[in-house]
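Chemist: Let me see the structure of the following:
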Amino acid sequence: MSRETGFAIEIRERYQDVAGDRWPAAVDPQPDELLSSWLYRLAVANGVAPRSFAGVLGFCGGMWSARLDLRLPEDLAAWLGARTGVASEAISAMVMSDGALTPLLLPLRETARRSRSTWIQYCALCLANDRAPYFRRSWRLASRISCFRHGCGLRDRCPACRGGIAPFAQTDLIPHQVCARCGFDLRGAAMIFVEAAARRLERSIDDICKAEIAKSSSAIHEWVALLLRAPAVAGVGSGRPLANLSTSARIRCFERLAQRADDGPVDAVARRRRPTLAAGGRDGLIGRLVDFVDQHQRLPRSARAQPPGVDLAALLAAYGCAVRRGSRSTRRGANDGALKSLAA
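Modeler: Numbers count the residues shown, from 1 in each chain. So this is what the prediction gives:
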């Protein structure tokens, strides 16, 4: 006995009537994800190449997504929220909106000579280990040279074609971890070695920036200005500021600064402060940062344009005391004294 088989046909609602303005694929932002990274993943998930997605958002092209990383109009954030189901506040949070660190952002430069910076960096191991590869907000800062998770140096170019990362120019439905120029998968890039002392120095700088921003301290602006002038102290980059150097040049800069702090003489001012800092570890690096700032603070006032009453060397010394709190009874008094000296 034969049995007829076939497909059941059923009349359903039109997709537009069911979905409304929502796009078919939903993409959740990842921790510390950059807005442009989320937009690329959103575009590909919904079947639109990143370059064409610029037109969907009302842009002509170029570095459209990199510009949105710096400023996202509120109406566009609300429009994206309505179509993705992601809260507009969460979308806006992916923008590099911290004004104090704006001078440390890598400039919008699509193509650059090998010694110059590009607009974004990446860690190949992070991309390889991500369930959904994405680019981090911290990778746009010139003060970052390594991955805090994997300990390797960051890259700012494709190792195959030596071009900058340009997913905003991708014309095919290809994930953004694939070079838009040559098709190399960035996850396969070799690890870059960075000396441990340079990585500790980088971590201390990051801690200080976060602490000063959390306190809304006006000293953060002078501190950022000093960081931008660091290549001149290290003798790297022909006098160009930190944000204009390639990642490889900034790695050399940090390694030379760390080496100079270890090998160079310590002036009398730093010697007086050094006993307040524990030897070795991160406190030792804070001490070397004090030396670095002392050197700059001996420059003429016209050259350093320092706000009245701000002593960054003392500020760093106080920070060194603060990070040493472990046994509270013996260290609380020292911390309070250092902070009081700042306010004096």
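Chemist: Do a quick rundown of the strands in this structure.
Modeler: For the chain, no strands are identified by DSSP state E.
Chemist: Which secondary structure elements does the longest helix seen in it sit against?
Modeler: With residue count as the measure and DSSP state H as the assignment, the chain has helix 196-214 as its longest helix. Applying 3 or more C-beta pairs under 8 Å, 6 or more residues apart in numbering; DSSP states H and E, one finds that helix 196-214 contacts helix 219-228, helix 247-263, helix 281-297, helix 312-322. C-beta: built from backbone N, CA, C; applies to glycine.
Chemist: mind listing what's buried in it?
Modeler: Ala197, Ala198, Arg199, Arg200, Leu201, Glu202, Ser204, Ile205, Asp207, Ile208, Cys209, Glu212 (16 or more other C-beta atoms under 10 Å).
Chemist: what's the spacing between the last one and Val224?
Modeler: Counting by C-beta to C-beta, to the nearest Å, the gap from Glu212 to Val224 is 9 Å.
Chemist: what residues do the two have in common as contacts?
Modeler: Contact criterion C-beta atoms under 8 Å, 6 or more residues apart in numbering; residues bridging Glu212 and Val224 by contacting each: Ala100.
Chemist: just the angle between the longest helix of the chain and helix 247-263, please?
Modeler: Using axes from the mean of the first three to the mean of the last three C-alpha atoms, to 10 degrees, the direction of helix 196-214 lies 100 degrees away from that of helix 247-263.
Chemist: Alpha carbons of helix 196-214, in PDB - could you do that?
Modeler: Provided in PDB are the C-alpha atoms of helix 196-214 (Å, rounded to 0.1, in the frame of the first residue of the first chain):
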ATOM      1  CA  ALA A 196      58.100  42.500  30.700                       C
ATOM      2  CA  ALA A 197      59.300  45.900  32.100                       C
ATOM      3  CA  ALA A 198      57.600  47.700  29.300                       C
ATOM      4  CA  ARG A 199      54.300  45.800  29.900                       C
ATOM      5  CA  ARG A 200      54.400  46.600  33.600                       C
ATOM      6  CA  LEU A 201      55.000  50.300  32.800                       C
ATOM      7  CA  GLU A 202      52.000  50.200  30.400                       C
ATOM      8  CA  ARG A 203      49.800  48.600  33.000                       C
ATOM      9  CA  SER A 204      50.800  51.300  35.600                       C
ATOM     10  CA  ILE A 205      50.000  54.100  33.100                       C
ATOM     11  CA  ASP A 206      46.600  52.500  32.500                       C
ATOM     12  CA  ASP A 207      45.900  52.300  36.200                       C
ATOM     13  CA  ILE A 208      46.900  55.900  36.800                       C
ATOM     14  CA  CYS A 209      44.700  57.100  33.900                       C
ATOM     15  CA  LYS A 210      41.700  55.100  35.200                       C
ATOM     16  CA  ALA A 211      42.200  56.300  38.800                       C
ATOM     17  CA  GLU A 212      42.500  60.000  37.800                       C
ATOM     18  CA  ILE A 213      39.400  59.800  35.500                       C
ATOM     19  CA  ALA A 214      37.400  58.200  38.300                       C
END
